[in-house]
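K.L.:
Return a 3D structure for these sequence lines:
(chains A and B)
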Amino acid sequence: MIPASFDYEVADSAAHALALLATRGEDAKLLAGGHSLLPMMKVRLAQPAVLIDIARVSELSGIRIEGDEVVIGATTRHAELAGSELLKAEVPILAYAAAQVGDPQIRHRGTIGGSLAHADPSADLPMTLLALGGSVEITGPSGVRVVGADDFFVGPFESVIGPDELLSAVRVPRGSAVPWGYQKFVRRANDWAIVGAAAYGGRVALASMGGTPLRATATEEALKSGASIGEAAQLAAEGTSPGYDFHANVDYREHLARVLTKRALEGKTG
Amino acid sequence: MTEIKLTVNGVARSDEVEPRLLLIHYLRETLGLRAANVGCDTTSCGACTVLLDGESVKSCTVLAVQANDRSVTTTEGLVTADGTMSAVQEAFRENHGLQCGFCTPGMVMAATSMLAENPHPTEQEVREGLEGNFCRCTGYHNIVQSVLAAADKLSGPGSSANTDSAEVNA
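P.N.:
Predicted coordinates for the structure are as follows:
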């Protein structure tokens, strides 16, 4: 399969990318690793008139500490997250989650900004950002705005990023001592989660349980009220709206949400 | 059309390409390098795996223009000028690491990248490192043994940390 024709522009800075978006924004897509976008273009689910390649913009890449947060450039690749000693020490759940994305080849290309902007409700990094209570920096014509993970995802494959904006960085809290767990249930290697659960401190986020990654709010409230992990995890599916497909029906997904939330809260990975 | 300049198997190339041309088609159709195969064409099977700046990538999901200014290595490029195969290729031959052979170039390139990042993998790490490559003959056992043997060739016998093979096989 070959994508439909498009114009190709290489941005040499974030400002250059924004200038290109200003003139072509409605018809343009930003290209970093392309591992969400190119497969969609090949099957014509996306047919942008122009691709703006931001993969070579060095100011958009890298991992650094800033106060009590770790700031990650949007085009930082999954393999770099998974292998980062800084991230493993400061935000271990994110380094672990990045290592669960796809397979080694995909992790050599895919980027954290791309994965979040793609906003796939079944993907690893959106769920993890939500569990962490992190935020994203969105750069546009009038400057930078910071949007919390709870407000960033608005629907399946839809975020609050406007057509003239770009996701420039990701902010996550430093928390080397915060207990965490991560569960991803798949039938085959390199599949998306049939259901996923990420726990970070008292926050729990779920993948594939609705149109966006979702907080397990009833579980979180129960934990705050002193419920045991087992009791709280029983509430994990409350308020969710999972779909059904050939992998799982709604009942099964709700069951998985409860089981995986319990395991994640117990600090288990897998 | 967009001009790209890149190095393929050590040879500098310059070509005018359509931006939508996939790297796999550039390698196979434009350059005539047919080792990398088109399998699933959906970033799943790994038959099209090549090295981009030394790292394994699935060339069905990379545009040729994204390889501009970069270095690409295909399985053809692992063979030296006098025809000597790489340690990974030789290990696949010696350990019968292939059946029909369709997945083999992708397996070899994925393994080459894996061993560059982790020269002493355990058997479990080899299996996880080949997560992105499917063998539809299901000949994984000998493929894994081939990669472990290649690690020994490259780093010396016993260096593949292959101490967990007994329990994995049990």
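K.L.:
Can you name the helix or strand that A:Ala95 falls in?
P.N.:
Assessed by DSSP states H and E, A:Ala95 sits inside helix A:92-99.
K.L.:
quick one, what contacts B:Leu6?
P.N.:
Taking Cβ atoms under 8 Å, 6 or more residues apart in numbering or on different chains as the criterion, B:Leu6 is in contact with B:12-13, B:67-72. Every residue, glycine included, has its C-beta placed from N, CA and C.
K.L.:
Who is it paired with across the strands?
P.N.:
B:Arg13 (DSSP bridges).
K.L.:
where does the closest residue to B:Val8 other than its chain neighbours land on pLDDT?
P.N.:
Setting aside the residues directly before and after it, B:Val8 is nearest to B:Val72 in space (Cβ to Cβ, 6 or more residues apart in numbering or on different chains), at 4.8 Å. In this model, B:Val72 is scored at 98, pLDDT.
K.L.:
And the residue of the stretch 101-250 of chain A that's closest to chain B?
P.N.:
The shortest separation between the stretch 101-250 of chain A and chain B is 2.8 Å, found at A:Asp103 (distances taken as Cβ to the nearest Cβ).
K.L.:
wouldn't that residue be in contact with B:Gly46 here?
P.N.:
Yes: with contact taken as Cβ atoms under 8 Å, A:Asp103 and B:Gly46 are classed as touching, separated by 7.4 Å.
K.L.:
So those two - more neighbours on which side?
P.N.:
For A:Asp103 versus B:Gly46, the count of surrounding residues by other Cβ atoms under 10 Å in any protein chain shown is larger for B:Gly46: 29 against 22.
K.L.:
quick one: secondary structure of that one?
P.N.:
Classification of B:Gly46 into helix, strand or coil gives coil, according to DSSP: H, G, I helix; E, B strand; the rest coil.
K.L.:
Nearest to the spatial middle of chain B, which residue is it?
P.N.:
By Cα atoms, centre = their mean, the mean C-alpha position of chain B lies nearest to B:Met109, the distance being 1.1 Å.
K.L.:
Would you verify that that residue is located in a strand?
P.N.:
No: assessed with three-state DSSP, B:Met109 is helix; it does not lie in a strand.
K.L.:
Excluding residues flanking it in the chain, which one is nearest whatever residue of chain B ends up closest to chain A?
P.N.:
Taking Cβ to the nearest Cβ, chain A has its nearest neighbour within chain B at B:Gly132, 2.8 Å off. With sequence-adjacent residues excluded and distances taken as Cβ to Cβ, 6+ apart, B:Gly132 is closest to A:Asp103, at 2.8 Å.
K.L.:
what does the stretch 1-150 of chain A put close to chain B?
P.N.:
A:1-8, A:31, A:34-35, A:38-39, A:42, A:51, A:53, A:55, A:79, A:102-106, A:108-109 (Cβ under 8 Å from any Cβ of the partner chain).
K.L.:
Is B:Asp15 in contact with B:Thr30, as I believe?
P.N.:
Yes: under the criterion of Cβ under 8 Å, B:Asp15 is in contact with B:Thr30, at a separation of 6.2 Å.
K.L.:
where do the contact lists of the two overlap?
P.N.:
With contacts taken as Cβ under 8 Å, 6+ apart, B:Asp15 and B:Thr30 have B:Ala64 as neighbours in common.
K.L.:
now the helices for chain B?
P.N.:
Using DSSP state H, the helices assigned to chain B run over residues B:23-25, B:87-94, B:104-117, B:123-129, B:140-155, B:165-169.
K.L.:
per-domain residue ranges of chain B.
P.N.:
B:2-76, B:87-161 (automatic domain parsing).
K.L.:
And the ones you listed, which one averages the lowest pLDDT?
P.N.:
Across the domains of chain B, the stretch with the lowest average pLDDT is domain B:87-161; it has a mean of 94.
K.L.:
Let me know how buried A:Tyr244 is, in neighbour terms.
P.N.:
By the criterion of other Cβ under 10 Å, A:Tyr244 has 11 neighbours.
K.L.:
residues contacting it?
P.N.:
Contacts here follow Cβ under 8 Å, 6+ apart; on that basis A:Tyr244 touches A:250, A:253.
K.L.:
related to what we said a few turns ago, where do the contact lists of A:Asp103 and B:Gly46 overlap?
P.N.:
Between them, A:Asp103 and B:Gly46 share the contacting residues B:132-133, judged by Cβ under 8 Å, 6+ apart.
K.L.:
can you list the residues of chain B near chain A?
P.N.:
When proximity is defined as Cβ under 8 Å from any Cβ, chain B approaches chain A at B:2, B:18-22, B:25, B:41-44, B:46, B:49, B:52, B:55-58, B:61-63, B:65-66, B:110, B:113-114, B:129, B:131-133.
K.L.:
Narrow the residues you listed to just the buried residues.
P.N.:
By the neighbour-count criterion of 16 or more other Cβ atoms under 10 Å in any protein chain shown, the residues of chain B next to chain A include these buried positions: B:2, B:18-22, B:25, B:41, B:43-44, B:46, B:49, B:52, B:55-58, B:61-63, B:65-66, B:110, B:113-114, B:129, B:131-133.
K.L.:
Identify the single longest strand in chain A, thanks.
P.N.:
Counting by DSSP state E, the longest strand found in chain A is strand A:166-173.
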